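**Student:** one predicted model, sequence on top.
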Amino acid sequence: MTGPEEGAFRSGFACFVGRPNAGKSTLTNALVGTKIAIASSKPQTTRHAVRGIVNRPDAQLVLIDTPGLHKPRTLLGERLNDLVRETWSEVDVIGVCLPADQKIGPGDSYLVSEIAELPQRPKLIAIATKSDLVKPDRMAEHLVRIHALETELGIEWAEIVPVSAVGDQQLDVLADLLVQQLPTGPQLYPDGEISDEPEEQLVAELIREAALEGVRDELPHSIAVEIDEMRLRADRPADKPLLDVYASMIVERESQKGIVIGHRGSRLKDIGATARQQIQAILGTPVYLNLKVKVLKEWQRDAKHLNRLGF
Ligand SMILES: Nc1nc2c(ncn2[C@@H]2O[C@H](COP(=O)(O)OP(=O)(O)OP(=O)(O)O)[C@@H](O)[C@H]2O)c(=O)[nH]1
């Protein structure tokens, strides 16, 4: 059946949620594609970090980043959780990522029940991620369990869809399903603008990701990254730009500083190399990266520090 709005342009916001390692980032990157371009314009329609924009002839889907939801033990934890709930209430559709190679557990149920309690609930799509890792019978079992969450938690899935971001299975289907949940409306961002996260914030996030690689369990939320200075070096020819980035990684304790720096500075070197590569790839400019590690005791509990770090 063809409704009156069939064929109309749709636009809106989506975010992916799920336990750590559920495949959210990989999925986002796969949907947005590799052509990330950074524009420094501030988002007009949302205060939240835009992770990427999917532009299609029939729709514009804006993917929003949210930190994970955690049991709050500090002021930072509480603020992050509030931010997450706020973001959830403002998007049109939430993709709940439930990796097919893992049993649905209490963490997943907690997350979904938190969404169920939102006063304004967006549409929900259950995404059985990493479909390439499992056989059809395991996937069938997984999908049945996902379906059962509806009655268990009092929610309703608009769709349930298996996807593999790595194997490029059903990505188009997922994009279509997400777009179907958006209201009709005009483009929210100009064409060609893939991500409009302010550059400094993006660079800080890339450094933080590099720093957490391999030590996520030891330092989950104890690292913040502050950009001390970031600008194009003055005396360079126009066709050979160099971006100078001075950044501090902020930890809470001396022992954490040791972890970040590593044996004879080996980890710090790796972090720098990884982050520099990522920044260069995304900004398209060669980068000189100078990284420092600072201890700011209990920064997560201190409102002044939190404000300064942008939380
Ligand atoms: N085989 C397979 N692996 C995947 C797929 N998607 C993600 N992965 C892998 O799963 C791991 C976690 O993926 P991420 O995208 O970082 O997961 P995330 O949910 O963003 O993780 P957090 O940032 O910790 O919350 C990575 O090693 C990915 O390569 C997939 O479709 N198939």
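**Tutor:** Looks like it arrived, so ask away.

**Student:** near the ligand, which residues of the stretch 151-300 of the chain show up?
**Tutor:** Among all residues of the stretch 151-300 of the chain, those adjacent to the ligand (criterion: Cβ under 6 Å from any ligand atom) are 164-166. (Glycine included, C-beta is placed from N, CA and C.)

**Student:** out of these, which are buried?
**Tutor:** The neighbour count (16 or more other Cβ atoms under 10 Å) marks 164-165 as buried among these.

**Student:** just give me the residue right at the centre of this protein.
**Tutor:** With the centre of the chain defined as its mean C-alpha position, the nearest residue by Cα atoms, centre = their mean is D65, 3.9 Å away.

**Student:** isn't that residue up against C15?
**Tutor:** Yes. The criterion here is Cβ atoms under 8 Å, and D65 meets it with C15 at 7.2 Å.

**Student:** outline the domain layout of the chain.
**Tutor:** Here the chain is described, according to automatic domain parsing, as comprising the domains 10-180, 199-308.

**Student:** most packed of these?
**Tutor:** Relative to the other members of the domains of the chain, domain 10-180 carries the highest mean neighbour count by mean count of other Cβ atoms under 10 Å, namely a mean of 17.

**Student:** what's the span of that domain, first residue to last?
**Tutor:** Taking Cα to Cα, to the nearest Å, domain 10-180 runs 8 Å from one end to the other.

**Student:** where does confidence bottom out across the residues of the stretch 151-300 of the chain next to the ligand?
**Tutor:** pLDDT across those is at its lowest for V166, which sits at 91.

**Student:** now do the contacts for it.
**Tutor:** 26, 130, 132 (Cβ atoms under 8 Å, 6 or more residues apart in numbering).

**Student:** kindly report the same for A59.
**Tutor:** The neighbourhood of A59, defined by Cβ under 8 Å, 6+ apart, consists of 9-11, 179, 182.

**Student:** one more: P72?
**Tutor:** By Cβ under 8 Å, 6+ apart, P72 lies in contact with 78, 80-81.

**Student:** between those, which is nearest E254?
**Tutor:** Checking the contacts of P72 against E254 by Cβ to Cβ gives L80 as the nearest, at 24.6 Å.

**Student:** where does the closest one land in three-state SS?
**Tutor:** Reducing the assignment at L80 to three states with DSSP: H, G, I helix; E, B strand; the rest coil gives helix.

**Student:** is it true that it touches R73?
**Tutor:** No. If you go by Cβ under 8 Å, L80 and R73 don't touch, sitting 11.1 Å apart.
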